[in-house]
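Asker: sharing a model prediction with you, sequence too.
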Amino acid sequence: MTDLTEQFSAYARWRANAGDAVTRLRSWLTRNEVGDAQSDLRLQYLLERLRDDKLTVAFVAEFSRGKSELINAIFFADHGDRILPSSAGRTTMCPTELQWSKGAKAELRLLPIGTRVRQTPVSELKRYPEEWHVLPLDAVDAPSLQRALARVGDTQRVSQPEADALGFAVDVKGEEGIKPGADGLVEIPVWRHAVIQFPHPLLEQGLVVLDTPGLNAIGAEPELTLSMLPNAHAVLFILAADTGVTQSDLAVWRSYVQGGAERQRGRMVVLNKIDGLWDGLRDEARIEAEIARQVDSVADTLGIEPAAVFPVSAQKGLVARIQGDAALLERSRVPVLERALSEDLLPTKQEIVREDMFAETHEVIAATRGLLEARLGSLREQLQELTDLRGKNQSVIEYMMRKIRSEKEEFEQGLQKYYAVRSVFSNLTNNLLAHMGLDALRD
């Protein structure tokens, strides 16, 4: 397991534990009848955000910089082969998202380039399955998978007016746009956007890999430049050691990657293809010196610190992982990039999620505390009223006791008189009966 994979798994566990804590809070509020419908709804939305939380890593480069190979080396080497097609020339002609949604099927969803005419955002079109061309994927059969995913590189030749209508800049010199061919036609992508649903452990835990095309295609998709790239949690800008920083590389960097100071965190520069220096003629010292020279040159051109430039060999890193060659993997320097990515990306993302969760739960807890304090104040008022009544009732009770004692004494005196009168009455009754008896009548 790579450092990045391990760190990402740890982040996924932390996110699950955070969800459990929110669930316990929600249950406690319900059980103690101190919550309300609004608080319960907010906690429910928070749980859904935690469950559906995504971490987006975008890869940006001009063509032939080894971008797709780097994605394969970092994320998918454990598959035993390349997942994304990687060969000479252009292999990614449209923005491509690699992700996995719970309950989804392994498939490739392709959005036709013609949908640009309607100027409907890709995010909106994702809600309409009928707009997409869907190809099922066999996640087990590597050759079949590679053939299917190669479709993201499909191109077509159209007239210049048609290319312009679809948002592609056309330039006869090829400097500010796509250069027309000898026949006057322009080569453009067949697809506007691609979504690859693939059951991979990292993707299942919420990772989203965004593979972008080159400068011309990036500029033609406003949503990519205004939303997807700025909102990515990490952006890896890939250069090639054999070409350095070209004018088109510099244009991509300045327009879509560099940003302001607040966006520098999570932006990394990768100098790929350093294995081109392993020609067998240079010793390690000369190779290291050449790599250091290129790193300094790239950093100076882009206006960044040399420590932010990571020289790697994605191809050798992928081969090393597939073959289990630890020495080659270390020489490829891919693990160094992964450590930097995990140290920069995951803590930042975790802090964002923590702040979001704290903001939501803090407001709910504050509202609950206010409710409990109001109830406590009401109970204290009732207790004070009962305390006041207790003092008043004491006087009433003493009066009643005196009255009862007095009435008891009167009753006892009356009872004694009753017994005396009853005795006299009995004697008189007996005398009367004696006088009225048979013996008296006979006399």
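Answerer: Structure's in. What do you need?
Asker: now do the contacts for residue 195.
Answerer: Contacts for residue 195 (CB atoms under 8 Å, 6 or more residues apart in numbering) come out as 96, 97, 99, 108, 109, 126, 132. Glycine gets a C-beta too; all of them are placed from N, C-alpha and C.
Asker: what subset of these is buried?
Answerer: 96, 97, 99, 108, 109, 132 (16 or more other CB atoms under 10 Å).
Asker: so the fifth one lies in a strand, does it not?
Answerer: Right, the one you point to is residue 109. Yes: assessed by DSSP: H, G, I helix; E, B strand; the rest coil, residue 109 belongs to a strand.
Asker: can you read off the pLDDT for it?
Answerer: With respect to pLDDT, residue 109 has a value of 95.
Asker: for the first one, same thing?
Answerer: Among the per-residue scores, residue 96 holds a pLDDT of 89.
Asker: what about it, distance to residue 315?
Answerer: As judged by CB to CB, to the nearest Å, residue 96 and residue 315 stand 20 Å apart.
Asker: repeat that for the third one.
Answerer: As defined by CB to CB, residue 99 lies at a distance of 25 Å from residue 315.
Asker: state the distance from the spatially most central residue of the chain to residue 62.
Answerer: With distances taken as CA atoms, centre = their mean, the residue of the chain nearest its centroid is residue 53 (2.1 Å). Counting by CB to CB, the gap from residue 53 to residue 62 is 31 Å.
Asker: still on that earlier bit, got CSV for the contacts of residue 195, with distance to residue 355 too?
Answerer: Output for the contacts of residue 195, formatted as CSV (distance: CB to CB, whole Å):
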residue, distance to residue 355
96, 30
97, 26
99, 24
108, 36
109, 33
126, 27
132, 35
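Asker: list the buried residues for stretch 312-323?
Answerer: Within stretch 312-323, the residues scored as buried using 16+ other CB under 10 Å are 312, 313, 314, 315, 316, 317, 318, 319, 320, 321, 322.
Asker: pull the residues that contact that stretch.
Answerer: Identification of contacts with stretch 312-323 by CB under 8 Å, 6+ apart yields 66, 69-70, 72-74, 77-78, 80-82, 270-275, 325-329, 331-334, 336-337.
Asker: restricted to strands, list these.
Answerer: Using DSSP state E, the subset of the contacts of stretch 312-323 located in strands is 270, 271, 272.
Asker: and which of the residues you listed is nearest to residue 299?
Answerer: Comparing the ones in strands among the contacts of stretch 312-323 against residue 299 with CB to CB places residue 271 closest, at 9.7 Å.
Asker: is that closest one in contact with residue 298, as I believe?
Answerer: Yes: applying CB atoms under 8 Å, one finds residue 271 in contact with residue 298, separated by 5.9 Å.
Asker: so between these two, which is more surrounded?
Answerer: Per other CB atoms under 10 Å, whichever of residue 271 and residue 298 has more neighbours is residue 271, with 25 against 22.
Asker: in contact with that one, which residues?
Answerer: By CB under 8 Å, 6+ apart, the contact list for residue 271 reads 239, 240, 241, 291, 294, 295, 298, 309, 310, 311, 312.
Asker: pull out the buried residues from these.
Answerer: Using 16+ other CB under 10 Å as the burial test, those include 239, 240, 241, 291, 294, 295, 298, 309, 310, 311, 312 as buried.
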